[in-house]
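> build me a structure from this.
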Amino acid sequence: MKKMLLVVCVLINVAYANNVTQVVKSNDENPKVSVIPQELLSLLVDNGIKQIEIKPGIYVAQMNNLRCDSLRKDAHFPDSSEGGLTFIKCFQDAEIERNGKGDLLIEGRMLAQILNSVESNTGMTIWDCSMGGRCTAFVSEIKCSVDLNQDSLSDAFVCELK
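Okay, the predicted model is just below:
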């Protein structure tokens, strides 16, 4: 019953959060935000997402249904050699529920750090945590673009997260 209640709460939080679209740009005044689009696009490409040229010099990469599962082993393993470590796995084309199906991404920890940065610097709710050190992040769509026609690459990168 507790597990079902937790899943329902996560689904409600995720459904509410996914009504929001957050746009991050490489020319943002906040230096913590301005690095996000280029790093995020790099991670998408590193994970095999193809960039598509939509107009001359403008490329877009998109990932759908991104989920990251995180477990901090403080509470459950205080005497273990793994105590205090955080385990993170991220998936694309994933189901919302923890341990659901999806394609494992190779840079899960870095992707989780970028999602933390988006959440802490923009106010967009991405992570949902429960007792016991378990957290889940879900983003229904990440779409990043680079406009190589810009005079400066500092103006070229944009990402939308939904």
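> helices of this protein, start to end?
Using DSSP state H, the helices of the chain run over 2-17, 31-34, 36-46, 108-122.
> and those helices, which one's lowest on average pLDDT?
Note on the helices of the chain: helix 2-17 shows the lowest mean pLDDT, a mean of 49.
> how near is the residue most central in space within the chain to residue 62?
What sits nearest the mean C-alpha location of the chain, by Cα atoms, centre = their mean, is residue 115, with 4.3 Å. Per Cβ to Cβ, to the nearest Å, residue 115 is found 16 Å from residue 62. The way it works is simple: take the backbone N, C-alpha and C, and place the C-beta from them, glycine included.
> kindly report the same for residue 109.
For residue 109, the distance to residue 62 - Cβ to Cβ - is 22 Å.
> looking at this protein, which residue lies furthest from center?
residue 79 (31.2 Å).
> residue 125 contacts residue 119, doesn't it?
Yes - taking Cβ atoms under 8 Å as the definition, residue 125 is a contact partner of residue 119 at 6.8 Å.
> show me the shaky parts of the protein.
Confidence mapping of the chain against pLDDT under 70 gives the ranges 1-18, 75-78, 98-100.
> if you set the cut-off to 90 instead, what comes out?
1-20, 71-87, 95-101, 106, 130-134 (pLDDT under 90).
> which stretches of the chain form strands?
22-25, 52-55, 58-72, 86-92, 103-104, 127-129, 134-147, 157-161 (DSSP state E).
> and of those, who's closest to residue 46?
Closest to residue 46 of the strands of the chain, according to Cβ to Cβ: strand 58-72, at 10.6 Å.
> packing partners for that closest one?
Using 3 or more Cβ pairs under 8 Å, 6 or more residues apart in numbering; DSSP states H and E, the elements in contact with strand 58-72 are helix 36-46, strand 52-55, strand 86-92, helix 108-122, strand 134-147.
> adjacent strands (with direction) for that strand?
For strand 58-72, the paired strands and their directions (DSSP bridges) read strand 52-55 (antiparallel), strand 86-92 (antiparallel), strand 134-147 (antiparallel).
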